[in-house]
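Enquirer: Structure for this input, please:
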Amino acid sequence: MSLVTQKKRFILPLILLLAFTIRLIGILSRPIWYDEAFSILFAGKGPIAMLFGTLGGINARAAEEHPLAYYLLLWGWMRVFGESLVAARLLSILAGVVTVAISYYLARELFNEKTAALASIFVALAPFQVHYSQEIRMYSFLALWLMLATYAYVSGAKGAGTKWWVIFAVSAALAQYTHNLAAFYLIPLAATPLLHGDWKTLRSVILSGLGALLLYLPWLLQLPSQFAKISTNYWVERPGLDKLFTLLLVYVTNLPLPDNLLFVGLFIALAVTSIGLVQTFRRANRNRNALWLFYLAFAPPVLLFLVSQWVPVYIERALLPSGVIFCLWLAWALFDTTLPAPIRNGLLALLAVGVAMGLYQHIAYRGFPYAPYQNLDVSLRERVRPGDVIVHSSKLSLLPAAYFDRSFQQIFIADPPGGSTDTLAETTREVLELTTASDVESATRDARRVWFVIFKKSIEEARAAGATTHPHLQYLNQHFKLIATEERGELQVYLFERRP
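Expert: I've put the predicted structure just below:
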């Protein structure tokens, strides 16, 4: 075996080690937030309870808008490794690392060994990928299954055997069982033979698609009720054209970025994307596989954007698979084209700055919706007296606090029924065994003292809407005496005492 061959054998393991190491950074220091707390608490209830909490029982509307594949995986994982943040986040990290490996093999199949190595390094370091490879949610698995479907499609289209079309069907079904928005990637992927005029592959795609639909049929029957929930009770707003610019930021640096770095991040994103676009459509570089990757990087977000003008479902984290494809496309545009070396080196330097900015922001960010929930629990438990109640203004702070101390009695005020924020249905709350109140009056009716927890952002939003303060605080100030206030990160904590 030659020295060059031996070196090639170590390229992928080293890239995967890099990906794993980057994703471990901050695994303990990053605070938990509402969605992660929900995942752990919900998955911990077991399959039967989750099914009830998702579908809402017989003749009830859907309660949880996501399918159960990720939650079932997390339930099994936690039964073996426990429910700590490290254990739960490791599951997503492993999915992210496997996605890096698939991206390597996909780029090698489409281009060459060098481009594959560079493309997978981009995926390993991309802040967008790192963020959701570390979060206790389903998005890293969404990327994994859709990248596997993409690799299976490429292998099947090249005539590598029927097994790849079986893998395509299974991975497509798993992606749909992971997130309903997987369809926005699968539709452009399945439409590829039409664009290429490849009728033989189209027949295989149709057969595999039917197989995927058959596997997905048990959940497909539940989609109407879930669609009804999303249509009436979903927090996402109709996207504007600005999303086309923020998408590039998400792909390159991820968001949020501090205000003083937004211009820098946007400049980097526009620069690398523009040069990549020019290289893609230059006659000297014309490459059908590169054009296809460009299509898969941007067709799903455009499709999601268009559908969201009707039913707003545009969430950028659901575009994580297209973000992986973007990395592969960009690696080709920089290293496998006629791009002059000085421009290539300059773009690499810009990318390095963008990646460093995004990774630092991911590790250091402590703004909304993060807060020191564990410290809050410890502090309140030490000071609470008989007759006191602890009331959270919303579920966003209650669930993370409940994760750290599940025996500590705390209440949250439910969202207005039927509103855009009413995303935690009554059946799901029952499964989670949460104590709720319909309004602040009923939450504090028998209380001598009230510990009230609210995000500072909620107060600011109320004032921006023209109110003097948040309505919950307005009621408490009218009926109770304010004793003390304190800040805990993004949270404001008030202690009220009932007036004589």
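
Enquirer: can you give me the strands in the stretch 351-500 of the chain?
Expert: For the stretch 351-500 of the chain, the strands defined by DSSP state E, counting those that start in this stretch cover 388-392, 411-413, 435-437, 449-455, 480-488, 491-498.

Enquirer: Which of these comes out lowest on mean pLDDT?
Expert: Sorting the strands of the stretch 351-500 of the chain by mean pLDDT places strand 435-437 lowest, at a mean of 93.

Enquirer: what does that strand contact?
Expert: With contact meaning CB atoms under 8 Å, 6 or more residues apart in numbering, strand 435-437 is reached by 391, 409-414, 429, 443. In this view, the C-beta of every residue, glycine as well, is placed from N, C-alpha and C.

Enquirer: hmm, back to that, of all the strands of the stretch 351-500 of the chain, which one is nearest residue 220?
Expert: Nearest to residue 220 among the strands of the stretch 351-500 of the chain is strand 435-437; the distance by CB to CB comes to 31.8 Å.

Enquirer: so which of the strands of the stretch 351-500 of the chain comes closest to residue 155?
Expert: Using CB to CB, the nearest of the strands of the stretch 351-500 of the chain to residue 155 is strand 449-455, at 48.0 Å.

Enquirer: From the contact counts, what lies against that closest one?
Expert: When contacts are defined as 3 or more CB pairs under 8 Å, 6 or more residues apart in numbering; DSSP states H and E, strand 449-455 packs onto strand 388-392, helix 395-404, helix 471-479, strand 491-498.

Enquirer: Note down every partner strand of the shortest one and its orientation.
Expert: Applying DSSP bridges to the sheet, strand 388-392 is found paired with strand 411-413 (parallel), strand 449-455 (parallel).

Enquirer: orientation of it relative to strand 491-498 in degrees?
Expert: Going by axes from the mean of the first three to the mean of the last three CA atoms, to 10 degrees, strand 388-392 is angled at 140 degrees with respect to strand 491-498.

Enquirer: Pull strand 388-392 out as PDB, backbone CA atoms only.
Expert: Provided in PDB are the C-alpha atoms of strand 388-392 (Å, rounded to 0.1, in the frame of the first residue of the first chain):
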ATOM      1  CA  ASP A 388     -46.400  31.100  48.200                       C
ATOM      2  CA  VAL A 389     -46.900  30.400  44.500                       C
ATOM      3  CA  ILE A 390     -44.400  30.500  41.700                       C
ATOM      4  CA  VAL A 391     -46.000  31.700  38.500                       C
ATOM      5  CA  HIS A 392     -44.300  31.800  35.100                       C
END
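
Enquirer: okay, the angle between that strand and helix 471-479?
Expert: Going by the same axes, to 10 degrees, strand 388-392 makes 150 degrees with helix 471-479.

Enquirer: hmm, back to that, tabulate the strands of the stretch 351-500 of the chain (JSON lines), appending distance to residue 423 and mean neighbour count.
Expert: Shown next, in JSON lines, are the strands of the stretch 351-500 of the chain (distance: least, CB to CB, whole Å; neighbours: other CB atoms under 10 Å):
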{"stretch": "strand 388-392", "distance to residue 423": "16", "mean neighbour count": "22"}
{"stretch": "strand 411-413", "distance to residue 423": "13", "mean neighbour count": "23"}
{"stretch": "strand 435-437", "distance to residue 423": "13", "mean neighbour count": "16"}
{"stretch": "strand 449-455", "distance to residue 423": "16", "mean neighbour count": "22"}
{"stretch": "strand 480-488", "distance to residue 423": "24", "mean neighbour count": "13"}
{"stretch": "strand 491-498", "distance to residue 423": "20", "mean neighbour count": "19"}
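
Enquirer: For residue 147, find the nearest of the ones you listed.
Expert: strand 449-455 (35.6 Å).

Enquirer: rewinding a little: could you point out which of the helices and strands packed on strand 449-455 sits nearest residue 107?
Expert: For residue 107, the closest of the helices and strands packed on strand 449-455 is helix 395-404, at 38.2 Å, according to CB to CB.

Enquirer: for the record, mean pLDDT for the closest one?
Expert: Taken as a whole, helix 395-404 carries a mean pLDDT of 96.

Enquirer: One more: stretch 242-261?
Expert: On average, stretch 242-261 scores 93.

Enquirer: What of stretch 299-313?
Expert: Mean predicted confidence for stretch 299-313 is 94.

Enquirer: Next: stretch 351-371.
Expert: Mean predicted confidence for stretch 351-371 is 95.

Enquirer: just how off-centre is it within its chain?
Expert: On the basis of CA atoms, centre = their mean, to the nearest Å, stretch 351-371 sits 15 Å off its chain's mean C-alpha point.

Enquirer: what does that stretch contact?
Expert: 22, 25-26, 29-34, 125-128, 130-131, 252-254, 256-258, 261, 264-265, 268-269, 272, 396-397, 400, 455-457, 488-491.

Enquirer: Quick one, which of the residues you listed are buried?
Expert: 22, 26, 30-34, 125-128, 130-131, 252-254, 257, 261, 264-265, 268-269, 272, 396-397, 400, 455-456, 488-491 (16 or more other CB atoms under 10 Å).

Enquirer: Would you format the helices and strands packed on strand 449-455 as TSV with distance to residue 39 included?
Expert: What follows is these, written out as TSV (distance: least, CB to CB, whole Å):
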stretch	distance to residue 39
strand 388-392	19
helix 395-404	10
helix 471-479	27
strand 491-498	21
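
Enquirer: if we can go back for a sec, among the contacts of strand 435-437, which pair sits farthest apart?
Expert: Maximum pairwise distance in those, criterion CB to CB, is 16.5 Å, between 409 and 414.

Enquirer: okay, those two: which has more neighbours?
Expert: residue 414 (20 against 11; other CB atoms under 10 Å).

Enquirer: Now the more buried one: closest residue in space, sequence neighbours ignored.
Expert: Spatial nearest neighbour of residue 414, excluding adjacent residues (CB to CB, 6 or more residues apart in numbering): residue 436 at 4.6 Å.

Enquirer: Residue 491 contacts residue 452, correct?
Expert: No - if you go by CB atoms under 8 Å, residue 491 and residue 452 don't touch, sitting 10.4 Å apart.

Enquirer: Residue 189 is nearest to which of the strands of the stretch 351-500 of the chain?
Expert: Comparison of these against residue 189 by CB to CB identifies strand 449-455 as nearest, at 39.2 Å.

Enquirer: Among the contacts of stretch 351-371, name the ones in helices.
Expert: Under the assignment DSSP state H, these contribute 22, 34, 125, 127-128, 130-131, 252, 261, 264-265, 268-269, 272, 396-397, 400, 456-457 to helices.

Enquirer: Kindly state the domain boundaries assigned to the protein.
Expert: Domain assignment for the chain by automatic domain parsing gives 11-364, 373-498.

Enquirer: Give me the residue ranges of this protein where confidence is low.
Expert: The model of the chain has pLDDT under 70 over residues 1-7, 56-64, 224-235, 418-420.

Enquirer: Just want the most central residue of it.
Expert: residue 317 (4.1 Å; CA atoms, centre = their mean).
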